[in-house]
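J.: here is a sequence with its predicted model. Questions after.
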Amino acid sequence: MDVFTSNPSLSKEELRNIADKLLAHRTYGPPKPEPIGQPTVWADARMDLCETLHYFRSYQGACHSTGGFVRGFMFDKVAHLRDYIDSNVVIARAGGGQVKDKESGEMKASGDQVEGTTSQNLRNCMAHYNPVVIITGADNPHMPSQPPHQYCVLDYFKPTHIWTEKSGKSNIVRYRLEKLNAQKISWWSPKTHPDTIALGSLPPPFVRSCGTCAKESTQIYLNGWMCLSPSCPSFWLILPSSADSPHTSPREPAEADLTYDPRFLKAHTPWPNDAHEYTLKPVPASLSHHDVPGEDTSEAFTRGLVCPDCGRCTPRLSWSGWECPCSWTYMLPHTLIPALSIREPLWPLSDAYTCSRDTHSPLVRVSVSFAHGYRVNRYAIPGIDGFVTHMIANQTVVQERGGPDDMFEALQGLDIGLRRRPLEGAMLKGGLFTRHLAVNYGMPYKFIAATASHAFPAPSHPVSAARSRLTWAARHCLSAASHQDRAAFTTHPFNEVLALCYFESQRISYHDDGESGLGPTIATLSLGAPGLMRIRLKAKHHHGVSNAGVYTPASPVPGCIAYKARRALAPDLALLKGQISPTAFRHRLKQIPHELGLTARGTARDVLALHVAHGDVVVMHGRALQAYYEHSVEHAGKLRFALTARYIDPESLGEGEGPGYVVGGDEGGYDGGMLREGMRVVQKGDEGADAVENDGGSATQHSL
Ligand SMILES: O=C(O)CCC(=O)C(=O)O
Ligand SMILES: [Fe+2]
């Protein structure tokens, strides 16, 4: 290559020869040669990558930016034909600005692309010398070698150029990135055709100012210098004055003939931190030597680790720690979070009935009663045959022997098999897992593999004790329900407990518990950090229309959009259903949203927000409640458990889904009534007898 370095003004022919050499062995798509090395960091699944790496946390897009700076790019299957990757340089099209062509299914430009936030963030990186990590997907057609895993981290790169050019009829924005430390070996260099032209070994790229707009542009293609300022009348035109142009008037280059100028490809852009070592492996969270309660359940410990043996991004999937399929494991000791340490100083507990912090929409009616150390807030939701009851514990309850304090501490000392479970139907490559950990006891819950269910342990075990307490609580709440509902609970008592565990910043997003095969009553015991449970109408019931523009024919409930108009429509619609063909009925369902002006945008406001503190129980009853409403729970502490008891009809389980053990009845026989003795506030009369009705005009309303 000396011939080129010693000759700063290479002829056009010499440059063409170099370009030919550079591009000769490029293959678009497989098969590709093997790389000379192996990535130090890689992942099988997108979730693993995003949970592990600080520089790439984008589950969908190709770019991860934070605070105005790009941190990482992921270049995979979707690529522009002129994208380019060699051992040191990557040229890529900016993301976005494309739509799926209805006929071909291909991504096509949706108009002229302009520099957006990502370009601005890249310019910030250039100004501040912040390098950016590039990750490749296995299906990236421009890789010079075959990446050995689904996602492989290349290295740190410096963005050097951002410019606009034309592709087809539209403008596109493009980036050039150059490896930060060109001295480092690039593992992705192809074994068969190593890159022999070093960065900076050719004359510098040709730069000149435009005669029309006076702005400087770099020559990207050997076909000729062009102004790259999209607002200039000379944009993307090879001028006749250019020595390269065979034409007598300004012309756009033929796209198929565009050949990169090797002076541009192989330019070296020195940065003062070129030789600095930035880490590709995130710094793993480590425990201090102080046995700090909550340290090992803090957010840092929910993140993945790069396996020190094989480089795989390994998410934390279990209570006990990290497990890489290559056999490396990292298990952490847990420091007990004492139950006393989660008491809220500004919300002190005593033997008196605890005050309420729940809020609800004016449409919701609350009736309050006090029994056995629990304040019992019972919420009636209009239009729904069912209720939500929040039983708020006082100090007597949480300190009871074998009660919430003891359960919370016992659960921390045991590994009850808590693991994150895969979310079915997730569209993410490599799958997606819930953020929280879960384990099932008793009758298998079909959304958890049957093998991950366990027989109920001894009555004193916190899981069995929770079932017993929840059975009592549900019975207590159902005492005001119909005879039928009470009888149903007696014949079908809770036979399953799903234990959920949330570390810091983990939560469960909106969902319902109305899967087929479940009984109508569900009860949850909260332990540990105080949570906030929100309940709202599902979007399709709120708006009355699905995302696909189909009217929701179910009867509307008060508080939904266009309630009166939808209610007026209901009888006719019910009649019509039996009279016309399913196709005609569906056609009608598509008309109604237009007639009523319904759109599916946005979500409903919460109708209820319950502060579910340590020891509290929430009982939800009624199939309609689950059909119409959804709930979510978040918390702001270091550790929270939610133990939910349900009845699961064994008949609803498919072949091979049944338990491999006997699911017996509750042996704990918990009776909250036993607490009355030790209470300072003795309740007058029987359970619920001193209930106070509170309608929509009360001070407990909130403006949700
Ligand atoms: O965390 C909670 O309190 C709620 C749990 C829940 O909604 C569920 O298990 O379905
Ligand atoms: Fe739930």
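T.: Received it, and whenever you're ready, just let me know what you need. Ligands and ions are numbered 1, 2, ... in the order given.
J.: distance of Gly559 relative to ligand 1?
T.: 22 Å (Cβ to the nearest ligand atom, to the nearest Å). In this view, the C-beta of every residue, glycine as well, is placed from N, C-alpha and C.
J.: ah, wrong one, I meant His483
T.: Taken as Cβ to the nearest ligand atom, the span from His483 to ligand 1 is 28 Å.
J.: cool, and Phe69?
T.: The separation that Phe69 has from ligand 1, given Cβ to the nearest ligand atom, amounts to 36 Å.
J.: show the average pLDDT along the top strand by length along the chain.
T.: Longest strand in the chain, counting residues (DSSP state E): strand 151-167. What strand 151-167 shows for mean pLDDT is 97.
J.: check which helices and strands that strand is in contact with.
T.: Applying 3 or more Cβ pairs under 8 Å, 6 or more residues apart in numbering; DSSP states H and E, one finds that strand 151-167 makes contact with strand 42-43, helix 117-128, strand 132-137, strand 170-179, strand 216-218.
J.: okay, these, which one's buried deepest?
T.: Comparing those by mean neighbour count (mean count of other Cβ atoms under 10 Å), strand 42-43 comes out on top with a mean of 26.
J.: now the angle between strand 132-137 and the longest strand of the chain, please.
T.: Relative orientation of strand 151-167 versus strand 132-137 (axes from the mean of the first three to the mean of the last three Cα atoms, to 10 degrees): 100 degrees.
J.: so strand 151-167 versus strand 170-179, what angle?
T.: Going by the same axes, to 10 degrees, strand 151-167 makes 140 degrees with strand 170-179.
J.: any idea how far strand 151-167 is from the middle of the chain?
T.: The gap between where strand 151-167 is centred and where its chain is centred comes out at 26 Å by Cα atoms, centre = their mean, to the nearest Å.
J.: report the buried residues of stretch 25-38.
T.: By neighbour count with 16 or more other Cβ atoms under 10 Å, stretch 25-38 contains the buried residues Arg26, Lys32, Pro35, Ile36.
J.: now, which of the residues you listed lie within strands?
T.: Using DSSP E, no member of the buried residues of stretch 25-38 falls in strands.
J.: any chance of CSV for those residues, columns distance to ligand 1 and pLDDT?
T.: Formatted as CSV, the buried residues of stretch 25-38 follow (distance: Cβ to the nearest ligand atom, whole Å; pLDDT from 0 to 100):
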residue, distance to ligand 1, pLDDT
Arg26, 52, 77
Lys32, 46, 93
Pro35, 45, 97
Ile36, 50, 97
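J.: residues in contact with stretch 44-60?
T.: Under the criterion Cβ atoms under 8 Å, 6 or more residues apart in numbering, residues 41, 43, 64, 71-72, 74, 132-133, 135, 149-151, 153, 282, 302-306, 312-316, 428-433 lie in contact with stretch 44-60.
J.: quick check: end-to-end length of that stretch?
T.: For stretch 44-60, the separation between the terminal residues is 15 Å (Cα to Cα, to the nearest Å).
J.: avg pLDDT for it?
T.: Taken as a whole, stretch 44-60 has an average pLDDT of 97.
J.: what's the answer for stretch 126-145, then?
T.: Here the average pLDDT along stretch 126-145 is 96.
J.: what's the answer for stretch 547-563, then?
T.: The average pLDDT within stretch 547-563 is 94.
J.: domains of this protein?
T.: For the chain, the TED database gives the domain ranges 12-201+261-266, 206-260, 295-331, 359-538+604-649, 547-596.
J.: could you check the pLDDT of Ile448?
T.: Taking Ile448 on its own, its pLDDT is 62.
J.: next one: Arg536
T.: On the pLDDT scale, Arg536 gets 97.
J.: same question for Leu576.
T.: Leu576 is assigned a pLDDT of 87 by the prediction.
J.: which element is the nearest residue to Ile384 once chain neighbours are set aside on?
T.: The shortest distance from Ile384 to any non-neighbouring residue, by Cβ to Cβ, 6 or more residues apart in numbering, is to Ala624 (4.9 Å). According to DSSP states H and E, Ala624 maps onto helix 623-628.
J.: now swap in Leu573 and tell me
T.: With DSSP H and E as the criterion, the answer for Leu573 is helix 563-579.
J.: from the middle of its chain, how far away would that helix be?
T.: Relative to its chain's centre, helix 563-579 lies at 38 Å (Cα atoms, centre = their mean).
J.: same deal with stretch 366-382?
T.: 35 Å.
J.: end to end on it, go ahead and measure it.
T.: With Cα to Cα as the measure, the ends of stretch 366-382 fall 11 Å from one another.
J.: likewise for stretch 491-508?
T.: For stretch 491-508, the end-to-end distance is 31 Å (Cα to Cα).
J.: does ligand 1 sit close to that stretch?
T.: Yes. Stretch 491-508 is in contact with ligand 1 by Cβ under 6 Å from any ligand atom, via Leu498, Leu500, Ile508.
J.: is the last one bridged to anything, and to what?
T.: Note on Ile508: beta-bridge partners Val633, judged by DSSP bridges.
J.: got phi/psi on Ala45?
T.: Here is the backbone geometry of Ala45 (degrees, to the nearest 10): phi -130, psi 150.
J.: an error on my part: the question was meant for Arg588.
T.: According to degrees, to the nearest 10, Arg588 has phi -60, psi -40.
J.: list the buried residues of stretch 649-662.
T.: Buried residues in stretch 649-662, counted by 16+ other Cβ under 10 Å: Leu653, Pro659.
J.: just the CA atoms of that stretch, as PDB, please.
T.: Taking Å, rounded to 0.1, in the frame of the first residue of the first chain, the C-alpha atoms of stretch 649-662 are listed here in PDB:
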ATOM      1  CA  ASP A 649     -61.100 -26.000  37.500                       C
ATOM      2  CA  PRO A 650     -59.000 -29.200  37.000                       C
ATOM      3  CA  GLU A 651     -61.300 -30.000  34.000                       C
ATOM      4  CA  SER A 652     -59.900 -26.900  32.300                       C
ATOM      5  CA  LEU A 653     -56.400 -28.300  32.200                       C
ATOM      6  CA  GLY A 654     -55.400 -30.100  29.000                       C
ATOM      7  CA  GLU A 655     -53.600 -33.400  28.700                       C
ATOM      8  CA  GLY A 656     -50.300 -33.400  30.600                       C
ATOM      9  CA  GLU A 657     -51.200 -30.100  32.300                       C
ATOM     10  CA  GLY A 658     -52.500 -31.700  35.500                       C
ATOM     11  CA  PRO A 659     -50.600 -31.800  38.700                       C
ATOM     12  CA  GLY A 660     -48.300 -34.800  39.300                       C
ATOM     13  CA  TYR A 661     -49.300 -34.700  43.000                       C
ATOM     14  CA  VAL A 662     -52.400 -34.500  45.100                       C
END
